[in-house]
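Q: predicted model and sequence follow; I will ask about them next.
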Amino acid sequence: MRRSRRDASPWPAVLATCVLLTACVTPHSVPRQYAQGLDSGSNGCREAPILCLPQPGEKMATIPPLAGTQATLLSIAAAAKVVQTAIDATLETRIRQALKECADKARADVMDRHFQRSPTREECQEVVEHDAQGQPVTRAMLLGREQHQAALECAELRLRQLKPGGFTLSPRYRYDPSTNETRFMSPEEVKSLLDQGRAAELRGTIEPDLVIHLPGQPLHVQRVFDFKFPCVNTDKPSRWRAHPKGHPHEDISQKDLYERALKVVPKRVQPHIGVIE
């Protein structure tokens, strides 16, 4: 008996969708000619959004909502992006362990250099110097600064082996809450502003200690970590810093700001405790 058109198998359409999904998961394998042959940036992003991921320094484009088949394809591409930005569980465990070890070592080395013990609360609150603006610097601030530097140097060495090219130390991002857009600021751009005496223009930008991202793409964030070094030895997690009154983000905590700007839940790394939210 001859099969009617209505009874035709749906598998060709499914296979076609799978081919699209495969292309989305591996954007670097897509020929350059195909990417440039699209009639417009918006239409191209609608057909295969994963091909339009922003490069460092660019903003994520906003694509109008679609319906029907195009909406389905958009959902498939979004799912592909989730797969692409995921981190292997074994790798994540190794990264977390490495960061804990770096935090422990940083505290041990700095405290040994200054005290050979943990300082008391009174010693932590003591003013030991003043900054360039004449503001007092407490021992807690000084020790925290030294521990951060030591921890970041350690993290860089470890992550070069664990995730080469897929991390940035102290990256700078500019987040606009009115548009919910985030832009990565290159080190050259930041240095240029500082060299020109325009540091005030960095007010309101964010600078997490460590961002894990897709290789060479600091806007495609996978994980965010901030080291916390309480001055007094403690097994209690340090709180996320609250932005003071008058700050551009005064109503948002450090944790919430990172999450809004970078679209991932940030983690704290603290000596003796390890990685925590």
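A: That came in fine, so what should we check first? Remember, predicted model here, so these are calculated numbers, not experimental data.

Q: determine the number of other residues adjacent to Leu162.
A: 16 (other CB atoms under 10 Å). Where C-beta positions appear, they are placed from N, C-alpha and C, glycine not excepted.

Q: that one reaches Ile95, doesn't it?
A: Yes. The pair Leu162 / Ile95 is scored as a contact, 5.8 Å apart, by CB atoms under 8 Å.

Q: Glu250: what's it in contact with?
A: His243, Pro244 (CB atoms under 8 Å, 6 or more residues apart in numbering).

Q: that one and Asp256, how far apart?
A: As judged by CB to CB, to the nearest Å, Glu250 and Asp256 stand 12 Å apart.

Q: same check on Glu201?
A: Here Glu201 is placed at a distance of 23 Å from Asp256 (CB to CB).

Q: in terms of helices and strands, where is the closest residue to Lys105 other than its chain neighbours?
A: Counting by CB to CB, 6 or more residues apart in numbering, Lys105 lies nearest to Cys154, which is 6.0 Å off, once chain neighbours are set aside. Using DSSP states H and E, Cys154 sits in helix 139-162.

Q: tabulate the CA atom coordinates of that helix in PDB.
A: Taking C-alpha atoms only, helix 139-162 is exported to PDB below (Å, rounded to 0.1, in the frame of the first residue of the first chain):
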ATOM      1  CA  ARG A 139      45.800  46.600  59.800                       C
ATOM      2  CA  ALA A 140      42.800  44.600  58.700                       C
ATOM      3  CA  MET A 141      42.800  46.400  55.300                       C
ATOM      4  CA  LEU A 142      46.500  46.100  54.900                       C
ATOM      5  CA  LEU A 143      46.500  42.300  55.700                       C
ATOM      6  CA  GLY A 144      43.500  41.800  53.400                       C
ATOM      7  CA  ARG A 145      45.200  43.500  50.500                       C
ATOM      8  CA  GLU A 146      48.400  41.400  50.900                       C
ATOM      9  CA  GLN A 147      46.400  38.200  51.200                       C
ATOM     10  CA  HIS A 148      44.400  39.000  48.100                       C
ATOM     11  CA  GLN A 149      47.500  39.600  46.100                       C
ATOM     12  CA  ALA A 150      49.100  36.400  47.300                       C
ATOM     13  CA  ALA A 151      45.900  34.400  46.600                       C
ATOM     14  CA  LEU A 152      45.500  35.800  43.100                       C
ATOM     15  CA  GLU A 153      49.100  35.000  42.200                       C
ATOM     16  CA  CYS A 154      48.500  31.400  43.400                       C
ATOM     17  CA  ALA A 155      45.200  31.200  41.500                       C
ATOM     18  CA  GLU A 156      46.800  32.300  38.300                       C
ATOM     19  CA  LEU A 157      49.500  29.600  38.500                       C
ATOM     20  CA  ARG A 158      46.900  26.900  39.200                       C
ATOM     21  CA  LEU A 159      44.400  28.000  36.600                       C
ATOM     22  CA  ARG A 160      46.900  28.200  33.900                       C
ATOM     23  CA  GLN A 161      47.100  24.400  34.200                       C
ATOM     24  CA  LEU A 162      43.400  23.700  34.900                       C
END
